[in-house]
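J.: sharing a sequence plus its predicted fold:
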Amino acid sequence: MNKRTMKAVMITQYGGPEVLTVKRDINIPKIEKNQVLIENYAAGLNPHDIYLRKGILASVIDDHLPIIPGLDIAGKIVATGESVTKFSVGQNVYAMMDSNNEFAKTGFAKTGAYAAYCTTREDTLSLMPNNLSYVEAATIPLVYLTAYQAIVKKLNAEKGQKILINGASGGVGCAAVQIAHYIGLEVSAVCSMHANNFMRSLNPTKIIHYEHADFTKSSEKYDIIFDVVGNKNYEVCRNNLTATGTYISNVPTNETFAVYHNPSDSEKYGFHKKNKYNWVTPSGNDLSKITSIINQGHIVPIINKVFNIDEVAKAHKHMETGISKGKNVLKIKD
């Protein structure tokens, strides 16, 4: 490949959406032996990008300004490192990327998706699902990995169990509803009245509108409460858990980080009830399993809005309204 520079979004200082700057002369990253270079066509937008932009993650990520944000990528392989064996040039792939050449000790993947080219390790990749566009594929990795790793891998949820998903209409929420439905859970979805018709299209067992009902005030018991919003902690929810039920969240707060690093503390209240935290990690193996479920027709991408790369500040402003139904996407290339 003869090109040396690319178009990318840079964060040069922490702050509001206005600090996102579109540059056209950023050096194309070089690959390590276990990495691939991807010509990137679309980037999924996530709350993580906002935390990164505001500097909320500055103390825990091993990176320094300037930073190219974004973790969800969908594109075509244009170069491979010498030790890459499972993928080849020309294949359409997608991933929750990690441009670190090895898994970071902090657990945080290194960003770079808001760019025309990006590098990621081979072990983060999956072939794109059949018949999905780059934009559709970019909605999948981070949110479906979050839901899959929490519900299937961490909790080993079983058919017939009852799960409540708090924040069911957002990116992770939609993914969790579809993953839970696929494995046969009884799904109660908490969302706004505004999202009612949209949520019905995902076929949850029950819809709870938070404007009219607080699920923590009801007598209903759940095997799993998955809080993807972070506004209902374990203490508030534990009376709504079955005797062996689990509260789990993916939202990074001081409380959830404490649970993550001290798992023994998570069960000292509520007898056998459990308080868990799940931080998503890049995994090509997990994403390939999700790809198979998509190819079977059990999961469909949910797109809220698509923004051009030059509209990145507008995209972040929209994300911060908190009214999205599904995922927002940044279109990098036509």
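T.: Cool, got the structure.
J.: what about G15, distance to H194?
T.: 29 Å (CB to CB, to the nearest Å). All C-beta atoms are positioned from the backbone trio N, CA, C, and that covers glycine.
J.: who's in contact with V135?
T.: Y41, A42, A74, I303, V306, V329, K331 (CB atoms under 8 Å, 6 or more residues apart in numbering).
J.: leaving out sequence neighbours, find the closest residue to the fifth one.
T.: What it means is V306. V329 (4.9 Å; CB to CB, 6 or more residues apart in numbering).
J.: give the burial count for that neighbour, as a bare number.
T.: V329 has 26 neighbouring residues, counting by other CB atoms under 10 Å.
J.: where's it, which helix or strand?
T.: Secondary structure from DSSP states H and E places V329 in strand 327-331.
J.: what is the least confident helix or strand in the chain?
T.: Lowest on mean pLDDT, DSSP states H and E among the helices and strands of the chain sits helix 254-261, with a mean of 53.
J.: okay, domains of the protein per the record?
T.: As given by automatic domain parsing, the domain ranges for the chain are 5-140+301-331, 143-277.
J.: D286: which of those is closest?
T.: domain 143-277 (5.7 Å; CB to CB).
J.: just how off-centre is the closest one within its chain?
T.: 15 Å (CA atoms, centre = their mean, to the nearest Å).
J.: with stretch 286-293 instead?
T.: 14 Å.
J.: list the buried residues of it.
T.: Neighbour counts over stretch 286-293 (16 or more other CB atoms under 10 Å) mark D286, L287, K289, I290, T291, I293 as buried.
J.: kindly report the same for stretch 214-225.
T.: Under 16+ other CB under 10 Å, the buried positions of stretch 214-225 are F215, Y222, D223, I224, I225.
J.: about what we covered before: and the strand holding V329, average pLDDT?
T.: Rounded to a whole number, the mean pLDDT of strand 327-331 is 97.
J.: do the same with stretch 34-47
T.: Stretch 34-47 comes out at a mean pLDDT of 97.
J.: figure out how far it is from the centre of its chain.
T.: The answer for stretch 34-47 is 13 Å, by CA atoms, centre = their mean.
J.: before we move on, back to that, the residue nearest to V306 pairs with what?
T.: Note on V329: beta-bridge partners by DSSP bridges are G44, V306.
J.: now swap in V9 and tell me
T.: V22.
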